[in-house]
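> got a sequence here, can you model it:
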Amino acid sequence: MPESPREFFETLESRVDQAKAAGLNASYRFDIDGAGTWLVEVDDGKVTVSESEGDADTVISTSAETFMKIATGEQNPTSAYMSGKLKVRGDMGQAMKLQKLF
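All right, here's what the predicted structure looks like:
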């Protein structure tokens, strides 16, 4: 299990189940306070990750602590959003599809 947001994104391409990502075409930017900004692009199952502040369909902002709790399953992403710990701008439908990817 990754121990930091950087490690999470550096290993993401190799961990995604391409069968679950099949048919999904979207881009996500993760702005993680104190850790960095990553652009995750999904093109019919192929996932590409770059450290970038580029444009994305959906922008997700949170703290490194909250992000890691979500990544490890300690925090439900929906409850993090509802409590204001996780902010989503852009396509909310695409954001909901993220849960099946990771």
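> nearest residue to the middle of the chain?
The structure's the chain has its C-alpha centroid closest to Phe30; by C-alpha atoms, centre = their mean the separation is 5.9 Å.
> report the beta-bridge partners for it.
Counting by DSSP bridges, Phe30 is bridged to Trp38, Ile60.
> quick one: it from Thr11, how far?
With distances taken as C-beta to C-beta, to the nearest Å, Phe30 is found 14 Å from Thr11. Just so you know, the C-beta spots here come from the backbone N, C-alpha and C atoms, and that holds for glycine as well.
> phi and psi next, for Ala64.
When read as degrees, to the nearest 10, the backbone of Ala64 gives phi -60, psi -40.
> quick one: it from Glu3, how far?
Remark: distance between Ala64 and Glu3 (C-beta to C-beta) = 11 Å.
> those two - which one has more neighbours?
Using other C-beta atoms under 10 Å, the more surrounded residue of Ala64 and Glu3 is Ala64, with 16 against 10.
> OK, contacts around that one?
4-5, 32-35 (C-beta atoms under 8 Å, 6 or more residues apart in numbering).
> confidence score at it?
Note on Ala64: pLDDT of 98.
> kindly report the same for the one 10 residues further on.
According to the per-residue confidence, Glu74 scores 95 in pLDDT.
> for this structure, which segments count as helices?
Listed in chain order, the helices of the chain (DSSP state H) span 5-15, 18-21, 64-71, 77-82, 92-101.
> number of nearby residues for Gly84?
Look at Gly84: counted by other C-beta under 10 Å, it has 8 neighbours.
> Val40 too?
Number of residues near Val40 (other C-beta under 10 Å) recorded here: 24.
> same check on Gln94?
Per other C-beta under 10 Å, the neighbour tally for Gln94 reads 18.
> brilliant, that's me finished.
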